[in-house]
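Undergrad: A structural model of the following input is requested.
(2 chains)
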Protein chains: 2
Amino acid sequence: MHPLPKVPASEVCERITRFQAKLTENQIDGAIITQNVDLYYLTGTMQNGLLYVPQSGEPRFYVKKSVTRAEFEASVPVEEMGRMKQLGERLRETFGEVKRIGIEMDVLPYGLATRYLRFFPGAEVVDVAFPLRLLRAVKSEYELKQLRLAAAHVNQIITMLPQYIRTGVSEVELSAQIEHALRLKGNIGIYRMRGYNQELCLGMVASGAAAATPTYFDGPAGGLGMSTASPQGASRKTFAPGEPILVDISTVVEGYIIDQTRMAVIGELDEELTRAYEVTTAIIKEAERMGKPGVAWQDLYLRALEMAEAAGLQNHFMGFGKDQAKFLGHGVGLEFDELPVLARGFEQPLEKNMVIAIEPKFTFPGRGVVGIENTYVVTETGLKSITIAPEEIVRIPE
Amino acid sequence: MHPLPKVPASEVCERITRFQAKLTENQIDGAIITQNVDLYYLTGTMQNGLLYVPQSGEPRFYVKKSVTRAEFEASVPVEEMGRMKQLGERLRETFGEVKRIGIEMDVLPYGLATRYLRFFPGAEVVDVAFPLRLLRAVKSEYELKQLRLAAAHVNQIITMLPQYIRTGVSEVELSAQIEHALRLKGNIGIYRMRGYNQELCLGMVASGAAAATPTYFDGPAGGLGMSTASPQGASRKTFAPGEPILVDISTVVEGYIIDQTRMAVIGELDEELTRAYEVTTAIIKEAERMGKPGVAWQDLYLRALEMAEAAGLQNHFMGFGKDQAKFLGHGVGLEFDELPVLARGFEQPLEKNMVIAIEPKFTFPGRGVVGIENTYVVTETGLKSITIAPEEIVRIPE
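TA: The predicted structure follows:
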């Protein structure tokens, strides 16, 4: 049917096995999976339908559209979904009685959930999204390979910066150049976020005061954006000498997202911003050292907070004042906001091959945002960076 | 705080009044609004929080992040959301007892919905998304103005085509050029779809067999896409003489989306495809004539089906065989999949100033997709096109 690479069948098989172990561990009889990214992860295809995964035995993907494409791409058995009315009966016939049913509580809309739950009268409803996200947080060799390819693409972007950044060029002009270059390398132009209402276009090119404009987005730097209808990211503001220029760029290879931030400046940053930037690099080095299997997710955040406080910058850390984001880093993979979350209250341990974007940043209202971001994989000896761009500030002569 | 244009306060006030009339009509005591686009529509800001709209009296927007930006942009009263625990109490104190509470059942995730519904013990839960979408379907003069600006941008894209299309250029190369040009005009690069799991990047540049590849997307043309992880839209396939090249392009101005499809060909289309294309233009002319206030949404679809059948093309209409989409057009505005839906079963009447993208297309597996699309506004004398690009096939010499 088509020449695109498929997710290896062995990969899908391994994922289903690990997911079924999670179901057993949580005493869940079966799970209904419906969200496009979860479907892709567990079947190898992103077609529209309902995947039923029993605690043991073969899963089945009931597909609405396109059955033809799902049959070609999926590594699990595919059936036509047919009418909603019969689907409940077919599920009960095939998989038997269900006492505890798992659904993706964080993404499945209320209306659709109540319709699906009628298939399992009397069953207890539990969340299956968190266990699944926990499993997805640990990457396979296949997944790490896609992330490394994506890292090479965003590295090349950094080499473009001296050519495009100069006084009077706007954030969106630079962003458009970067988007164009990444698109030709295969970027899909969709950055998937799981969080309700969270969305992103390419990432952030944001400078000076515009970068420090607060926004709803759960990240350290908001950005002015192009309109009140997309209140984040690049704006029409033009670059000026001495301002921090944040180039927070992502790309996607075979669905896998890499996240990287570098700084540029025309001329020189002033002393206070330079010092703040040095604190962010010290924080990221400390995280690299600490990030070993067994360490609690929150520990990296709490240590970063201590370091920000020691530098007298706690009120500027990850946003300013009331608009501070309360984390240091986030998992990336098929989605931008994967687990782990490096934030207070997350006492879960890091595991080998978790992938995390760590992004210490300081916000100075009216002046800008400084910081750095790499995407890392957790290893026995600490975090190893997947992103490969040089970490120095890109300096453009005035 | 910032220089971006705001949604006029009179616009927001008018929307709230119309929405409250819908609440009264449906005997709903109050509505919880949480989705970013609905929030933007009813407040003028897209910050993160919960808007409570009572059947009468002033609404209140409880904001999580960013309060500062919401206070600056919103035309409704803003309060800090504070802790979830107290929010229920504050709502009950401010707005009194609630017997029927409305939520956005189509988009609000199950987990979040169950938490919010605890604020209203014993209340009957009803959907408020459909009435709100119905109200949003009718555009104001302010909204039509944004759509006309967007239409001018996508018109300019069509004039670029002869410069970029030639044998050996890939779909994604043309798409990247178009994206770059639209981005510089202010396109936000996010195409909002309300439907669960529905997503879009810029739109479709798709040619020959690749265009006819089926996909999950609820549209007439799927497209091969860049990977199984984004199985729709432009691919790396290169253009060849005689193939239909579909340029289904959208852009966004102040949040408002325009949707337009034009065709190009290197050399000539064969007779069968040319004839099919002529049927799509006949269908769209018939829709223009029929689309007056009071006409049922489904009537335009059923008439188009008749015309496809009369031409012996019913099996190719809006996709092929099992992968056919079952509609002729869809509302556009802040989202890509607004009301009205021109499809069987929708007996609601068209209203003046509804805005609809109409896109008759025929799919020929292995050969391509032909068709046309305009965005229209409903007037007393029929549909009036907002899109202004010439409708002729763009012919590129071989």
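
Undergrad: which stretches of chain A have low pLDDT?
TA: Chain A contains residues with pLDDT under 70 at A:202-203.

Undergrad: let's go with 90 and repeat that
TA: A:1-2, A:84-85, A:188-191, A:198-204, A:213-223, A:230, A:232, A:321-323 (pLDDT under 90).

Undergrad: any chance you could map the helices in it?
TA: Counting by DSSP state H, chain A has these helices, from start to end: A:9-25, A:36-43, A:67-73, A:84-95, A:110-117, A:129-137, A:141-164, A:171-184, A:208-211, A:271-290, A:297-310.

Undergrad: Using TSV, lay out those helices together with distance to residue A:359.
TA: Heads up, the C-betas are built off the backbone N, CA and C, glycines and all. Putting the helices of chain A into TSV (distance: least, C-beta to C-beta, whole Å) gives the following:
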stretch	distance to residue A:359
helix A:9-25	28
helix A:36-43	22
helix A:67-73	34
helix A:84-95	43
helix A:110-117	33
helix A:129-137	17
helix A:141-164	14
helix A:171-184	18
helix A:208-211	13
helix A:271-290	8
helix A:297-310	10
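
Undergrad: Could you export those helices as a markdown table, including mean neighbour count?
TA: Conversion of the helices of chain A to a markdown table gives the following (neighbours: other C-beta atoms under 10 Å in any protein chain shown):
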| stretch | mean neighbour count |
| --- | --- |
| helix A:9-25 | 16 |
| helix A:36-43 | 24 |
| helix A:67-73 | 22 |
| helix A:84-95 | 14 |
| helix A:110-117 | 19 |
| helix A:129-137 | 20 |
| helix A:141-164 | 17 |
| helix A:171-184 | 22 |
| helix A:208-211 | 24 |
| helix A:271-290 | 18 |
| helix A:297-310 | 19 |
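
Undergrad: so which of these gets nearest residue A:335?
TA: For residue A:335, the closest of the helices of chain A is helix A:36-43, at 5.8 Å, according to C-beta to C-beta.

Undergrad: Spell out for me which residue occupies the centre of chain A.
TA: Centroid check for chain A by C-alpha atoms, centre = their mean gives residue A:336 as the closest residue, at 1.4 Å.

Undergrad: pretty sure that one contacts residue A:201?
TA: No. Between residue A:336 and residue A:201 there is no contact under C-beta atoms under 8 Å: 11.7 Å.

Undergrad: okay, and the common contacts of those two?
TA: Residues touching both residue A:336 and residue A:201 by C-beta atoms under 8 Å, 6 or more residues apart in numbering or on different chains: residue A:191.

Undergrad: re the thing from before, need the helices of chain A in CSV (columns: distance to chain B).
TA: Formatted as CSV, the helices of chain A follow (distance: least, C-beta to the nearest C-beta, whole Å):
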stretch, distance to chain B
helix A:9-25, 11
helix A:36-43, 4
helix A:67-73, 5
helix A:84-95, 14
helix A:110-117, 3
helix A:129-137, 8
helix A:141-164, 9
helix A:171-184, 4
helix A:208-211, 8
helix A:271-290, 21
helix A:297-310, 18
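
Undergrad: how about those, which one is nearest residue B:117?
TA: It is, among the helices of chain A and with distance given as C-beta to C-beta, helix A:110-117, at 8.8 Å.

Undergrad: could you dump the closest one to PDB, C-alpha only?
TA: These are the backbone C-alpha positions of helix A:110-117, laid out as PDB (Å, rounded to 0.1, in the frame of the first residue of the first chain):
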ATOM      1  CA  TYR A 110     -16.700  12.800  29.000                       C
ATOM      2  CA  GLY A 111     -19.400  12.200  26.300                       C
ATOM      3  CA  LEU A 112     -17.500   9.400  24.600                       C
ATOM      4  CA  ALA A 113     -16.400   7.800  27.800                       C
ATOM      5  CA  THR A 114     -19.900   7.500  29.100                       C
ATOM      6  CA  ARG A 115     -20.900   5.800  25.800                       C
ATOM      7  CA  TYR A 116     -18.000   3.300  26.000                       C
ATOM      8  CA  LEU A 117     -18.600   2.600  29.700                       C
END
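
Undergrad: So what touches that helix?
TA: With C-beta under 8 Å, 6+ apart as the criterion, helix A:110-117 contacts A:32, A:34, A:50, A:84, A:101, A:103, A:105, A:108, A:123, A:125, B:103, B:105-106, B:108-110, B:113-114, B:127, B:196.

Undergrad: picking that back up, nearest approach to residue B:57 belongs to which of the helices of chain A?
TA: Among the helices of chain A, helix A:110-117 sits nearest to residue B:57 (C-beta to C-beta), with 26.0 Å.

Undergrad: Kindly calculate the angle that that closest one makes with helix B:110-117.
TA: Relative orientation of helix A:110-117 and helix B:110-117, computed by axes from the mean of the first three to the mean of the last three C-alpha atoms, to 10 degrees: 110 degrees.

Undergrad: what angle separates helix A:110-117 from helix B:129-137?
TA: Using the same axes, to 10 degrees: helix A:110-117 against helix B:129-137 is 140 degrees.

Undergrad: Could you give the separation of helix A:110-117 from the chain centroid?
TA: Distance of helix A:110-117 from the chain centroid (C-alpha atoms, centre = their mean, to the nearest Å) equals 27 Å.

Undergrad: cool, stretch A:315-328 as well?
TA: 19 Å.

Undergrad: likewise stretch A:30-41?
TA: Computed by C-alpha atoms, centre = their mean, the chain-centroid distance of stretch A:30-41 equals 17 Å.

Undergrad: Between the two ends of that stretch, what distance do you get?
TA: 17 Å (C-alpha to C-alpha, to the nearest Å).

Undergrad: isn't residue A:129 right next to residue A:106, touching?
TA: Yes. With contacts counted by C-beta under 8 Å, residue A:129 reaches residue A:106, the gap being 4.6 Å.

Undergrad: show me the contacts for residue A:218.
TA: Neighbouring residues of residue A:218 by C-beta under 8 Å, 6+ apart: A:195, A:198, A:325, A:337, B:65.

Undergrad: between the residues you listed, which is nearest residue A:22?
TA: Residue A:22 lies nearest to residue A:337 out of the contacts of residue A:218, by C-beta to C-beta, at 19.8 Å.

Undergrad: What about the closest one, how many residues nearby?
TA: By the criterion of other C-beta atoms under 10 Å in any protein chain shown, residue A:337 has 18 neighbours.

Undergrad: The one 3 residues further on too?
TA: Residues contacting residue A:340 under the criterion other C-beta under 10 Å number 27.
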